[in-house]
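Visitor: Just to be clear, the model below is a prediction. Sequence and coordinates:
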Amino acid sequence: RNSTNAFYYGVLPENFTWGASTAAYQIEGAWNEDGKSENIWDRFCHEGGHIVMNLTGDVTCDSYHKWRDDITTMNEIGLKHYRFSLSWSRIVPDPTTGVVNEAGVNFYLNFITAVKQAGIEPMVTLFHWDLPQILEDNGSWGNETIIKQYQHYADVAFSRFGHLVKYWLTFNEPWVTTWMGYGTGQYAPGTKQPATLPYLYAHTIIKCHATAWRLYDTTYRARFNGMVSITLNTNFYAPKNSSKPEDVEAAERAAQFMVGWFAHPIYVDGDYSQVMKDYVRRNTNSTDGSSRLPTFTDTDKLFIKGTFDYFGLNHYTTSLCEPSDAAHQASVPKGYLGDMEVKLTVDPTWPKSPSGSYIVPWGMRGILNFIRTHYNNTPVIVTENGLSDPNGTLNDQFRIQYLRSYIDELIKAVLIDKCNVIGYTVWTLMDNFEWTSAITKKMGLYYVDFDDPQRRRVAKQSAMWYKRVIADRGFPDPVLIG
Ligand code: PNW
């Protein structure tokens, strides 16, 4: 019953929250309606050359107009919470002036009120990658004026929606924003500076996060009593050979470079981990001993440390780790990936999804235990987990198998390992604009036909399967149910 791979029957507590997630750019469409300004994903898609078939999120699921249909699907499944993001450029189209767009505020006010009326808790992400273009043009996250601009945006969101919202997230996956947006350049705005910008921009984002958390804490908590966190994405990093101490060390180092980059300052001591500081400095290899990793002042550290009420985790897959060698170092661009000096691989025998991702259910249990041991068993909400399929097939047994096995490992982490997990969220409620893969990766509990002007949402088998899991609070023991 305790073994790693056997299916474990177990039920989670009544107050465990089950949900599904989306993000503004991926579902809303209406990219230039009602006063919304251009953001970096609008620009990136319109520019051409970055996205499969040069598709855009101009319309996508059209949730800006069809949000009532979204709530219908949430009700059908019996979701306890719904995670979605606000579009900054809809609410404050020009953050350099700070003028609030009332049409944007009203859109979200109507939507959040209706979600709440359906008995579903809204879980609101302030920033899911869609930076207003004007801020990108003003120096992006390298211009520290953005801290005040982000604070103002957060203030508008907290003051207008705070009475309706219990769960807040300041940023979705700053690792993706900084590394894929400014390191590899695969995501908007497509900048390729892998040695410097990810570190500089992450530094500012961590300050923005802390600023928003402190604003909520001092100004809104007493009135609204919500919970504010950040969502970090991370693979589980396992040693390639667990009997080799250097592989165990490499796995720890990889984790400190990915989830620890943000989590160590926020959840531990206000600063980057020692191993990250050491490895970036040594790979900067400067004559004066300086590092490409910026430093926090003592004031910064005090300001950043402890700025959380829970831990938002996005988890999809696992990597195997061993120390890097010369050939591997030569194969990666100088910068973040080389700095960690880890060679990441997979086990080729792991099952692979039709879209090419490796399915490693025990990694869910592994990463939850990593958070338990490294971050003081802070309450965790899994804010994303899911699997894509290229066709959006309605009989999506393959996706059900993925969700079932990952949720089961989460149940083991809670019931056997005593990990403090308080919620789980499927990515995603409905097929949507999967960034550079556009509509060629479909991860929804609901199918959306993008050729249908009505964009009807159709339940997949996984939606009805998930409904049952929520009602059962997991997987009831077959012995108990006879
Ligand atoms: C997440 N990686 O993105 C995002 O939060 C979602 O918006 C997205 O649709 C979902 O996962 C599915 O892809 C990620 O390279 C993108 O490790 C890339 C990575 C991780 C998460």
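Guide: Ah, there it is.
Visitor: mind listing what Thr318 touches?
Guide: By C-beta atoms under 8 Å, 6 or more residues apart in numbering, Thr318 lies in contact with Asn235, Phe236, Tyr237, Ala238, Val346, Trp350, Tyr358, Val360, Trp362, Gly363, Gly366. Backbone N, C-alpha and C define where each C-beta goes, glycine included.
Visitor: can you put those residues in CSV and add neighbour count, pLDDT and distance to Pro390?
Guide: Output for those, formatted as CSV (neighbours: other C-beta atoms under 10 Å; pLDDT from 0 to 100; distance: C-beta to C-beta, whole Å):
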residue, neighbour count, pLDDT, distance to Pro390
Asn235, 23, 98, 22
Phe236, 24, 98, 25
Tyr237, 25, 98, 28
Ala238, 23, 98, 28
Val346, 16, 98, 20
Trp350, 14, 97, 19
Tyr358, 18, 97, 16
Val360, 23, 97, 20
Trp362, 16, 97, 26
Gly363, 24, 98, 23
Gly366, 21, 98, 28
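Visitor: Could I get the contacting residues of the residue of the stretch 101-250 of the chain found nearest the ligand?
Guide: In the stretch 101-250 of the chain, the residue that lies nearest the ligand is Asn233 (4.5 Å; C-beta to the nearest ligand atom). Applying C-beta under 8 Å, 6+ apart, we find Asn233 in contact with Glu173, Trp175, Val176, Val259, Leu313, Asn314, His315, Tyr316, Glu384.
Visitor: and the helix or strand harbouring the fifth one, which strands flank it?
Guide: I take that to be Leu313. Assigned by DSSP states H and E, Leu313 belongs to strand 311-314. Note on strand 311-314: by DSSP bridges, its sheet partners are strand 227-233 (parallel), strand 380-384 (parallel).
Visitor: tell me the helices in the stretch 1-150 of the chain, going along the chain?
Guide: 24-27, 40-47, 63-77, 88-91, 102-117, 133-137, 145-161 (DSSP state H, counting those that start in this stretch).
Visitor: quick one: contacts of the fourth one?
Guide: It refers to helix 88-91. In contact with helix 88-91 (C-beta under 8 Å, 6+ apart) are residues 24, 34-39, 95, 100-101, 104-105, 107-108, 126-127, 130-133, 153, 156-157.
Visitor: Smallest gap between the stretch 1-150 of the chain and the ligand, at which residue?
Guide: Closest point on the stretch 1-150 of the chain to the ligand, by C-beta to the nearest ligand atom, is Ala23, at 4.9 Å.
Visitor: So what does that residue have for phi and psi?
Guide: phi -140, psi 150 (degrees, to the nearest 10).
Visitor: residues in contact with it?
Guide: So Ala23 contacts Phe84, Ser85, Thr125, His128, Trp129, Asp130, Asn172 (C-beta under 8 Å, 6+ apart).
Visitor: does Val342 really touch Cys321, like I thought?
Guide: Yes: in this structure, Val342 is within contact of Cys321 by C-beta atoms under 8 Å, at 5.2 Å.
Visitor: Could you pick out the residues of the stretch 1-150 of the chain near the ligand for me?
Guide: Ala23 (C-beta under 6 Å from any ligand atom).
Visitor: Give me the below-cutoff pLDDT ranges for the stretch 1-150 of the chain.
Guide: 1-4 (pLDDT under 70).
Visitor: confidence score at the closest residue to Asn241 other than its chain neighbours?
Guide: If the residues on either side of it in the chain are set aside, Asn241 comes closest to Asp247, at 5.0 Å by C-beta to C-beta, 6 or more residues apart in numbering. Per-residue pLDDT puts Asp247 at 98.
Visitor: and the helix or strand that contains Asp247 with strand 227-233, angle?
Guide: Element membership for Asp247, per DSSP H and E: helix 245-263. Using axes from the mean of the first three to the mean of the last three C-alpha atoms, to 10 degrees, the direction of helix 245-263 lies 140 degrees away from that of strand 227-233.
Visitor: which helices and strands does helix 245-263 pack with?
Guide: helix 174-175, helix 197-215, strand 227-233, strand 236-239, helix 274-284, strand 318-323, strand 342-345, helix 362-374 (3 or more C-beta pairs under 8 Å, 6 or more residues apart in numbering; DSSP states H and E).
Visitor: want to throw these into CSV with distance to Glu76?
Guide: What follows is these, written out as CSV (distance: least, C-beta to C-beta, whole Å):
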stretch, distance to Glu76
helix 174-175, 33
helix 197-215, 33
strand 227-233, 25
strand 236-239, 32
helix 274-284, 44
strand 318-323, 32
strand 342-345, 39
helix 362-374, 26
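Visitor: Tell me which of those sits nearest to Val115.
Guide: Nearest to Val115 among these is strand 227-233; the distance by C-beta to C-beta comes to 16.9 Å.
Visitor: May I have the closest one as PDB, with CA atoms only?
Guide: The C-alpha coordinates for strand 227-233 follow below in PDB (Å, rounded to 0.1, in the frame of the first residue of the first chain):
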ATOM      1  CA  MET A 227      -4.100  34.600   0.900                       C
ATOM      2  CA  VAL A 228      -1.400  35.900  -1.400                       C
ATOM      3  CA  SER A 229       1.300  33.900  -3.000                       C
ATOM      4  CA  ILE A 230       3.400  33.400  -6.200                       C
ATOM      5  CA  THR A 231       3.200  30.400  -8.500                       C
ATOM      6  CA  LEU A 232       6.500  28.700  -9.400                       C
ATOM      7  CA  ASN A 233       6.900  26.100 -12.100                       C
END
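Visitor: tell me the angle of it relative to helix 197-215?
Guide: Going by the same axes, to 10 degrees, strand 227-233 makes 160 degrees with helix 197-215.
Visitor: Report the mean confidence score over strand 227-233.
Guide: 98.
Visitor: cool, stretch 306-326 as well?
Guide: On average, stretch 306-326 scores 98.
Visitor: Now find how far off-centre that stretch is within its chain.
Guide: In terms of C-alpha atoms, centre = their mean, to the nearest Å, the centre of stretch 306-326 is found 12 Å from the chain centre.
Visitor: May I have the distance across that stretch, first residue to last?
Guide: One end of stretch 306-326 sits 39 Å from the other (C-alpha to C-alpha, to the nearest Å).
Visitor: Count the residues that sit near the residue nearest to Asn241.
Guide: 20 (other C-beta atoms under 10 Å).
Visitor: Going by distance to Tyr447, which of the contacts of Ala23 wins?
Guide: Taking the contacts of Ala23 together and measuring to Tyr447 by C-beta to C-beta, the closest member is Phe84, at 18.8 Å.
Visitor: bridging residues for the closest one?
Guide: Beta-bridge partners, per DSSP bridges, of Phe84: Val124.
Visitor: Does it touch Thr22 like I think?
Guide: Yes: using C-beta under 8 Å, Phe84 is in contact with Thr22, at 4.9 Å.
Visitor: residues from the stretch 151-300 of the chain in reach of the ligand?
Guide: Asn172, Glu173, Val176, Asn233.
Visitor: I'd say the third one and Tyr182 touch.
Guide: In this case it means Val176. No: in this structure Val176 lies outside contact range of Tyr182 using C-beta under 8 Å: 10.6 Å.
Visitor: Tell me which of these two has more neighbours.
Guide: A direct count of neighbours by other C-beta under 10 Å for Val176 and Tyr182 places Tyr182 higher, at 26 against 19.
Visitor: so what's that one up against?
Guide: Ser140, Pro189, Thr191, Lys192, Gln193, Leu197, Pro198, Tyr201.
Visitor: That's all I had, so thanks and see you.
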